[in-house]
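Novice: Requesting a structural model of the entry that follows:
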Amino acid sequence: MFVVFIRNYCLFSLIAMISILSLNYLFDPYQFYRYNPQKTVLQGNDRWQVAGFIKNFPYNQAIIGTSMTQNFSLTQIKQVLGTEPIKLSIAGATIQEQAVALRAALKTGKLKSVIWGIDKVYLTYQPGKYQESFPINLYSGSYKAHFQYLLDNHVFVASVKALFQEIIKKPKEKINLEEYNTWFNTHTFSKEEVLKQYKKPTTMGISQAALKNTSIDIQTIDKNLVENFNEDVYSIIKSNPDVHFIIFLPPYSLAHYKMSQHDITSLIQAATIREMLMQNLIPLSNVSFFDFETYLPVVKNLDNYKDLNHYSQKINDFMVKSFADNTCKVTVKEINLYQQKFLNLGSHPFAHESSFGT
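Specialist: Numbers count the residues shown, from 1 in each chain. You can find the predicted model right below:
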């Protein structure tokens, strides 16, 4: 009886495994095995979906970053920059996750350029650490990718859902790459929304005299941050000289700045990270570096934001135009100028106007 039980158990397990493998391969919910331009269902879980984009979709330019890059219009980028872009943005992605996705895209040989929004805070994660939900094997290109994709319960649930929709003939949710994981049309952008989260710093601000007597020393940066930068930013750009990298600092609101940089220590730490990025990246011949963080017409106007950090799509549109006309582009000779702009941000009041560009 025991032998029969073991035999039946093994047979059942084998049938179940084959069923899962077949279902996941047949429905391929994240288009990991095949690109189907007629398929109108894209999965909202970007950590899984992006792997399919990289492997099978057509592109020659990648947009890398966090939610700060999800509202870029692919149509506008095509028109203004003349490229074939795809968004590989992952909400809340650490710099390691961004680097994994970018390395995988570079490995395909498709990339001619990259738009990369670097959030300074995401450089600080412990090196080599990934969120548990990040399917790192999918980006490796090894046999492990097939095992993780075909046998993963997460993919199986998506496949079963797709099968159920086929059975009941339920209309599929239509979504295209232009709309994928954009969020600008589901939020209100207004000064009132931002001020709900804003807490005025208790200190009176930082005096210019204090700033003049404080040095920005790159050697004081946390070693984890430096390691992350060298491994997951600088080395990638340096080793791909034929790929043009458009690097930008996202324009967080002035309210975010006033809350997070209200003391001399936090301000200098942030300025030091900026110094490291600019001093190392701007001299590279394949880099164009843009500092939107200090662009007052955007950051002062809180009507551009839904919260302290997240800006509306019209700001993304403005940045694309800037990539073409070089607004906010920083040269080696201008690093000190832009650093001074950053240090002086706290002296500016919020704008009273509601229109962009004033």
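
Novice: residues near K161, how many?
Specialist: Other residues lying near K161 total 15 when counted by other Cβ atoms under 10 Å. Using the backbone N, CA and C atoms, a C-beta is placed for each residue, glycine as well.

Novice: sorry, that was for P37
Specialist: Close neighbours of P37, defined as other Cβ under 10 Å, add up to 10.

Novice: do you know how far it is from A158?
Specialist: Distance of P37 to A158, computed by Cβ to Cβ, to the nearest Å: 19 Å.

Novice: before we move on, what about K112?
Specialist: If you go by Cβ to Cβ, the gap between K112 and A158 works out to 32 Å.

Novice: do A91 as well
Specialist: In terms of Cβ to Cβ, A91 sits 18 Å off from A158.

Novice: More neighbours: the two, which one.
Specialist: Comparing A91 with A158 by other Cβ under 10 Å, the one with more neighbours is A158, at 20 against 14.

Novice: Now do the strand or helix carrying the more buried one: which elements does it pack against?
Specialist: Using DSSP states H and E, A158 falls within helix 153-167. Applying 3 or more Cβ pairs under 8 Å, 6 or more residues apart in numbering; DSSP states H and E, one finds that helix 153-167 contacts helix 2-27.

Novice: Show me what the helix or strand just after the helix it packs on is packed up against.
Specialist: Once the chain leaves helix 2-27, the next helix or strand it forms, by DSSP H and E, is helix 46-56. Judged by 3+ Cβ pairs under 8 Å, 6+ apart, helix 46-56 is in contact with helix 95-107.

Novice: chain center to the helix it packs on: distance?
Specialist: Computed by Cα atoms, centre = their mean, to the nearest Å, the chain-centroid distance of helix 95-107 equals 11 Å.

Novice: got a list of contacts for that helix?
Specialist: With Cβ atoms under 8 Å, 6 or more residues apart in numbering as the test, helix 95-107 has contacts from 47, 50-51, 54-55, 62, 64-66, 88, 90, 93, 111, 114, 116, 118, 122-123, 125, 127-131, 134, 136, 139-141, 228-229, 231-233, 236, 240, 243.

Novice: Would you map the strands across the protein?
Specialist: Under the criterion DSSP state E, the chain carries strands at the ranges 61-64, 85-87, 113-117, 244-249, 287-291.

Novice: Next, format the ones you listed as CSV and append distance to Y338 and mean neighbour count.
Specialist: Formatted as CSV, those follow (distance: least, Cβ to Cβ, whole Å; neighbours: other Cβ atoms under 10 Å):
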stretch, distance to Y338, mean neighbour count
strand 61-64, 22, 24
strand 85-87, 26, 24
strand 113-117, 17, 23
strand 244-249, 9, 22
strand 287-291, 5, 21
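
Novice: Mind putting those into a markdown table with distance to A101 and mean pLDDT?
Specialist: Listed next are those as a markdown table, based on distance: least, Cβ to Cβ, whole Å; pLDDT from 0 to 100:
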| stretch | distance to A101 | mean pLDDT |
| --- | --- | --- |
| strand 61-64 | 7 | 98 |
| strand 85-87 | 11 | 96 |
| strand 113-117 | 11 | 98 |
| strand 244-249 | 14 | 98 |
| strand 287-291 | 19 | 98 |
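
Novice: The ones you listed into a markdown table, with extra columns for distance to S19?
Specialist: Shown next, in a markdown table, are the strands of the chain (distance: least, Cβ to Cβ, whole Å):
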| stretch | distance to S19 |
| --- | --- |
| strand 61-64 | 35 |
| strand 85-87 | 33 |
| strand 113-117 | 40 |
| strand 244-249 | 45 |
| strand 287-291 | 49 |
